[in-house]
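Peer 1: Pasted the sequence and its predicted model underneath.
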Amino acid sequence: MKNFHQARAASIWTAIALAAALAGCSERAKESKPGQALASVNGEEITVLQLNEEIQRAGVPAARQQEASKQLLQALIDRQLLEHAAVQEKLDRDPKVLQAIERARSLIVAQAYMQKRLANVARPTPAEVEEYFNKHPEFFSKRKQFRMDQLVLAAKDLTPEARAAADAARSLEEVAVWLDAHDIKYARAQVTRSTSEINPELSKKLLGMPKGQLFSVREGERAMLLAVAEVRDAPVPLEVAAPQIERYLTSNKNKEFAAAEVGRLRQNAKIEYLNKDLAQGAKAAPASMTAPAADTENHRDGAPARQEGAGPTMQDAGTATAPAGAADENAGAEAPDHAAVDRGVAGLK
């Protein structure tokens with residue numbers, strides 16, 4: 001039920017921003033809404049169509065829709081009450097509210113246009129899925145899984161002396177003994193990654209590391225000392241990978257189509273920059289239509305602690321070429337550590 005309460009709260013606050021979309025003034029005429037009425041709030045109906053929209057947006061499974069309907073109907077009533085109160089205080093005429101409504105309308109209409117166009121994009125064929133599977137054995141048929149032990153400590157405690165001790169150590173256990181002797185607090189943990197989650201170049205370097213090889217990671221206010229404890233085969237057959245690959249290829253096709261469509265619209269439009277300082281390339285796509293850039297700032301923050309003889313540097317997870325669904329089944333529980341490893345690795349030995 002937590003999701004339903006969250007949906008109800010979200011609906012309440014959304015009501016204030018959308019008040020003017022439903023009402024022009026405090027004395028507006030009541031409009032009849034399509035659909036069977038479920039409730040009336042101060043004379044204005046709430047209909048089945050409105051409730052169904054809430055159920056769909058909340059992603060309620062069919063088995064729980066009856067129970068969810070009661071919760072969501074209450075959220076709709078609360079929204080209606082807040083809308084009426086906002087209109088009475090003339091918040092629907094507030095310039096900031098009007099601006100937010102106009103922005104929401106623009107986004108909704110633009111997204112509707114793109115969704116309509118994307119409906120015509122062909123789904124990946126079984127042959128395309130199998131071709132991707134065969135071209136990337138490191139993600140599937142020859143997938144490897146790395147289990148890495150780690151010591152997590154404050155970044156300020158990874159001093160030159162601590163790095164030198166790790167350099168001289170033959171195992172993480174020896175490093176732990178040194179940290180204990182110097183009253184440095186740390187925590188033990190494990191990270192599990194697979195070749196489907198990291199770039200091929202790094203996978204090759206990790207596979208070439210001897211068991212127990214130490215390397216370090218700095219991320220913000222914490223640092224980690226890691227060692228590869230185990231490498232094992234973890235193949236994924238085509239029948240398991242196919243749905244994941246299809247979603248990945250579909251996402252790529254949609255992104256390519258969206259970029260091409262925005263480019264076409266820009267090419268046929270007359271765009272004039274009245275403020276030349278804000279002008280970019282004439283065919284640059286708007287940020288909202290392009291994929292997010294790699295988190296280069298975090299890469300710099302997580303730079304290896306030691307450059308001489310440095311080991312491999314992991315790329316940001318967003319640059320991986322594997323389908324997201326092909327990630328290790330344990331990845332969710334260790335996501336923060338995965339991100340840390342991705343932001344910079346340096347060999348200590």
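Peer 2: That came through fine. Because the structure is predicted, anything quoted here is derived from the model rather than measured.
Peer 1: So which residues of the stretch 201-349 of the chain form helices?
Peer 2: Secondary structure of the stretch 201-349 of the chain by DSSP state H, counting those that start in this stretch: the helices cover 238-268, 296-301, 335-342.
Peer 1: Need the mean per-residue confidence for stretch 254-268.
Peer 2: Looking at stretch 254-268 alone, the average pLDDT works out to 95.
Peer 1: How about stretch 117-133?
Peer 2: 95.
Peer 1: what do you get for stretch 225-235?
Peer 2: 92.
Peer 1: buried set for it?
Peer 2: 225-229, 231, 234 (16 or more other C-beta atoms under 10 Å). (C-beta placed from N, C-alpha, C; glycine too.)
Peer 1: Pick the one among those closest to Glu89.
Peer 2: Leu226 (57.2 Å; C-beta to C-beta).
Peer 1: and Arg170, how far is that from Ala227?
Peer 2: Distance from Arg170 to Ala227, counting by C-beta to C-beta, to the nearest Å: 10 Å.
Peer 1: Find residues that contact each of the two.
Peer 2: Contact criterion C-beta atoms under 8 Å, 6 or more residues apart in numbering; residues shared by Arg170 and Ala227: Gly212.
Peer 1: follow-up on the earlier one: which of the buried residues of stretch 225-235 fall within strands?
Peer 2: Among the buried residues of stretch 225-235, DSSP state E puts 225-229, 231 in strands.
Peer 1: Out of the residues you listed, which is nearest to Lys276?
Peer 2: The closest of these, once distances to Lys276 are taken by C-beta to C-beta, is Leu226, at 50.1 Å.
Peer 1: Can you tell me how far the closest one is from Ala258?
Peer 2: 39 Å.
Peer 1: ok, then the element right after the helix or strand hosting Ala166?
Peer 2: Using DSSP states H and E, Ala166 sits within helix 160-168. Per DSSP H and E, the first helix or strand lying C-terminal to helix 160-168 is helix 172-181.
Peer 1: and that following helix, C-alpha only, in PDB?
Peer 2: This file holds the C-alpha atoms of helix 172-181, laid out as PDB (Å, rounded to 0.1, in the frame of the first residue of the first chain):
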ATOM      1  CA  LEU A 172      43.500  -7.400   1.900                       C
ATOM      2  CA  GLU A 173      43.800  -9.200   5.200                       C
ATOM      3  CA  GLU A 174      47.300  -7.800   5.700                       C
ATOM      4  CA  VAL A 175      45.900  -4.300   4.900                       C
ATOM      5  CA  ALA A 176      43.200  -4.800   7.500                       C
ATOM      6  CA  VAL A 177      45.800  -5.700  10.100                       C
ATOM      7  CA  TRP A 178      47.800  -2.600   9.300                       C
ATOM      8  CA  LEU A 179      44.600  -0.400   9.500                       C
ATOM      9  CA  ASP A 180      43.800  -2.000  12.900                       C
ATOM     10  CA  ALA A 181      47.200  -1.300  14.200                       C
END
